[in-house]
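> Below: sequence and its predicted model.
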Amino acid sequence: MPELPEVETVVRDLRPLLAGRTITSVRRSAQNLRRPWEEQWTATITGTRIEGVRRRGKWILVDVRGKSAKDSPVLRVHLGMTGQFTVVNASEPEPNHLHLVLALDNGTELRLRDQRRFGSAEFFPSRGTLDTAMNADLGPEPFGMNAETFRLSMVGTARNLKAILLDQTIVAGVGNIYADEACFRAKLHPGRSGSSLTADECDRLREAIEAVLTKAIASRGSTIRDYVGGSGLRGGFQNEFAVYGRTGAPCPTCKTLVECVRLAGRASHFCRSCQLSAISRQPDKTK
DNA sequence: CTGTAATCCTGCGAGC
DNA sequence: TGCTCGCAGGATTACA
């Protein structure tokens, strides 16, 4: 479910609900998420005060203030495919697939629910160390990327655009939905190789990524099935998809029927008329 | 270096 | 009505 726009929406929703709150108790299910919860984390996190909530790529970072004044620990959460990270009143009935519950000092609870358990929740003792480690594994945030850096990372590989966009070390936060939507907006076939792109096409793709993500955030992300924001609201961008999940439906630009192929192991949607699979022919300058 | 497939899970819709 | 199959927003690993 959650790609950058969904994670950003969760973070924006949670921020006012969590800032300044103290975690009074921690409760978890018997089942592990992608990473097992270490027992000592429960005691370490209990009694801490939440300083803020951030996003990096598709990761949610809850910064807390440790009990000793110089601590700056972080709770890091990934929503995987079906994760839901919400604040509700503690009196709300507990849904199934609930894996981590942080009780807060105002009668609310921060709940992590994840049907498929592809998500994760981990605790790190040092914010600075964690940020450094994450920056080593993740590419730049997609907003305001350096044009030259982006061109070099595209042109330097024979992989197709879909595989490149899903690679979190190239650009952080793009997933299957927004990779397809960005390629459509840039009028580039997702099967094109990075090395086949002209400088102009690289720029178009970079701008398309930014534009698609910005519009999706404005619509509070996309809900296909499970996704909800930090206050439980569904997204709205699924109603604005140009190609994702629209196999056989008319392209919003030219009415050609949208097709779906498998690229980088993922369903990839495109319009064969709008998204040329070869470099578009330039007008003959000699005439 | 690239691509493909399998893996971790549960649930849903399609087709028989 | 009920069964099996394939597929789903992600990420990592092994292998050809």
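Everything's here; your move.
> Get me the contact residues on the stretch 151-287 of chain A for DNA strand C.
A:166, A:168, A:175-177, A:222-227, A:238, A:265-267 (C-beta under 7 Å from any atom of the strand). No exception for glycine: its C-beta is placed from N, CA and C like everyone else's.
> how about the helices of chain A, start to end?
A:4-18, A:39-45, A:127-137, A:147-155, A:161-166, A:176-185, A:199-218 (DSSP state H).
> Dig out what A:V62 forms beta bridges with.
A:V53, A:L75 (DSSP bridges).
> Quick check: it touching A:A19?
No: between A:V62 and A:A19 there is no contact under C-beta atoms under 8 Å: 10.3 Å.
> out of those two, which sits in the more crowded spot?
A direct count of neighbours by other C-beta atoms under 10 Å for A:V62 and A:A19 places A:V62 higher, at 25 against 13.
> who's in contact with that one?
A:L18, A:I50, A:G52, A:V53, A:V74, A:L75, A:R76, A:V77 (C-beta atoms under 8 Å, 6 or more residues apart in numbering).
> and which of the residues you listed is nearest to DNA strand B?
A:V77 (16.3 Å; C-beta to the nearest atom of the strand).
> hang on, that closest one packs against A:D114?
No: A:V77 is beyond contact range of A:D114, at 9.7 Å (criterion: C-beta under 8 Å).
> For the residue of the stretch 1-150 of chain A found nearest DNA strand B, what are phi and psi?
Distance from DNA strand B to each residue of the stretch 1-150 of chain A (C-beta to the nearest atom of the strand) is smallest for A:R116, at 3.2 Å. Note on A:R116: its backbone torsions stand at phi -90, psi -10 [degrees, to the nearest 10].
> Please enumerate the shared neighbours of A:V77 and A:D114.
Joint contacts of A:V77 and A:D114 (C-beta under 8 Å, 6+ apart) are A:G83.
> Looking at those two, which one has more neighbours?
Ranked by neighbour count (other C-beta under 10 Å), A:V77 and A:D114 place A:D114 first, with 28 against 25.
> ok, the closest residue to that one other than its chain neighbours - how many residues close by?
Spatial nearest neighbour of A:D114, chain neighbours left out: A:G83 (4.4 Å); criterion: C-beta to C-beta, 6 or more residues apart in numbering. Look at A:G83: counted by other C-beta under 10 Å, it has 30 neighbours.
> just checking, A:G83 touches A:P2?
Yes: assessed by C-beta under 8 Å, A:G83 is found in contact with A:P2 at 6.4 Å.
> intersection of neighbour lists for those two?
By C-beta under 8 Å, 6+ apart, no residue touches both A:G83 and A:P2.
> from the stretch 101-250 of chain A, which residue is nearest to DNA strand C?
For the stretch 101-250 of chain A, C-beta to the nearest atom of the strand, closest residue to DNA strand C: A:G175, 1.9 Å.
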